[in-house]
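Asks: curious how this folds, go ahead:
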Amino acid sequence: MFKRLTAFVGALFLTLSIFAQTRSINGRVVNATGQPVKGATVVQKNTGTTSRTNEEGNFTINVNTSASNILVVSSV
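Replies: Here you go, the predicted structure:
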């Protein structure tokens, strides 16, 4: 019984630490003249985590803090 409880508590802490490793980043994408870029894709490098900019060029992306700190922006 004690081993099961210990394993459960350990798994619970591991799960909580995994969820605590994300962070929300807000930003704005503009072109060379300062105009907002709508529909641009923002990707956290090497994770596949993505977001898109809105009409004003604003975005929010939830990134994994234990992965790459590089955001890649692309637009057509």
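Asks: which ones are touching Thr49?
Replies: The neighbourhood of Thr49, defined by CB atoms under 8 Å, 6 or more residues apart in numbering, consists of Val43, Ile61, Asn62, Val63, Asn64. Just so you know, the C-beta spots here come from the backbone N, C-alpha and C atoms, and that holds for glycine as well.
Asks: oh, that last question was meant for Thr53, not what I typed.
Replies: Contacts of Thr53 (CB under 8 Å, 6+ apart): Arg28, Val29, Pro36, Val37, Lys38, Gly39, Ala40, Val42, Phe59.
Asks: the residue nearest the centre of the chain sits in which helix or strand?
Replies: The C-alpha lying nearest the average C-alpha coordinate of the chain belongs to Val63 (CA atoms, centre = their mean; 1.9 Å). Under the criterion of DSSP states H and E, Val63 resides in strand 58-64.
Asks: what strands line up against the helix or strand just after that strand, and which way round?
Replies: Next in sequence after strand 58-64, counting helices and strands by DSSP H and E, comes strand 71-74. Strand 71-74 pairs in its sheet with strand 41-44 (antiparallel), by DSSP bridges.
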